[in-house]
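Q: based on what follows, work out the 3D shape:
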Amino acid sequence: MSQDLRVTASPSWVDVTLTGTTANALIYGDAGKSLTSLPLFSAQTPAGVNASAPVAASWTGANGISVSYVPGLFTVNQSQDLSPGGNPSFNSITVTGATANTFAFFGAAKQLQSGALSDGEIWVGNTGTLPSHIIPTTANGALRAALLFCSWFL
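A: Below you'll find the predicted structure:
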């Protein structure tokens, strides 16, 4: 014999035939450390979780995502441009950090925020900072009088 075949050796061969496996399939080591085959069919890819045996998985699309396959290439497309330069549109958006029945505004970090108003309060903008909510009266009632005067012309 021309090679060392002890357990600690590293023999090499030009070709190996494994009679217990499937032709044209991937080979992996199973839990018993035996070589096992995983046949894949059109548009399948191996998938595994937490060191379990891999399985043949298919790619599918949903919610505006489509997946196509030609031999050697998966293509994933979305129905809208969701990049930072895109202009997507949606029927509705749920913002989980917002408070229901409040006004929304963009804060200094360009994040959508919400704020509540109490009875009789209005939003007042302040250039470059967050809007403030105030009660529209002054000590002498001048603002309330001005608002009443303006309402006569509406």
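
Q: check contacts around residue 45.
A: 56, 57, 58, 59, 74 (CB atoms under 8 Å, 6 or more residues apart in numbering). Just so you know, the C-beta spots here come from the backbone N, C-alpha and C atoms, and that holds for glycine as well.

Q: next one: residue 22
A: 37, 39.

Q: coming back round to it: and which of the contacts of residue 45 is nearest residue 113?
A: Closest approach to residue 113 among the contacts of residue 45 (CB to CB): residue 59, at 37.6 Å.

Q: pLDDT score for the nearest residue to the closest one once chain neighbours are set aside?
A: Distances taken as CB to CB, 6 or more residues apart in numbering put residue 67 closest to residue 59, at 4.4 Å, once the chain neighbours are dropped. Residue 67 carries a pLDDT value of 88.

Q: does residue 75 count as helix, strand or coil?
A: strand (DSSP: H, G, I helix; E, B strand; the rest coil).

Q: from residue 41, how far off is the closest residue in space to it that isn't next to it in sequence?
A: With CB to CB, 6+ apart as the criterion, residue 75 has its nearest non-adjacent residue at 4.8 Å, and that residue is residue 68. To residue 41, residue 68 is 16 Å away according to CB to CB, to the nearest Å.

Q: same thing with residue 94?
A: 39 Å.

Q: next one: the helix or strand harbouring the residue nearest to residue 75 to chain centre, how far?
A: Using DSSP states H and E, residue 68 sits within strand 65-70. For strand 65-70, the separation from the chain centroid amounts to 18 Å (computed by CA atoms, centre = their mean, to the nearest Å).

Q: same question for stretch 64-75.
A: 19 Å.

Q: more neighbours, residue 68 and residue 41?
A: The residue with more neighbours, out of residue 68 and residue 41, is residue 68; 12 against 7, by other CB atoms under 10 Å.

Q: ok, the more buried one touching residue 77?
A: Yes - in this structure residue 68 lies within contact range of residue 77 using CB atoms under 8 Å: 7.5 Å.
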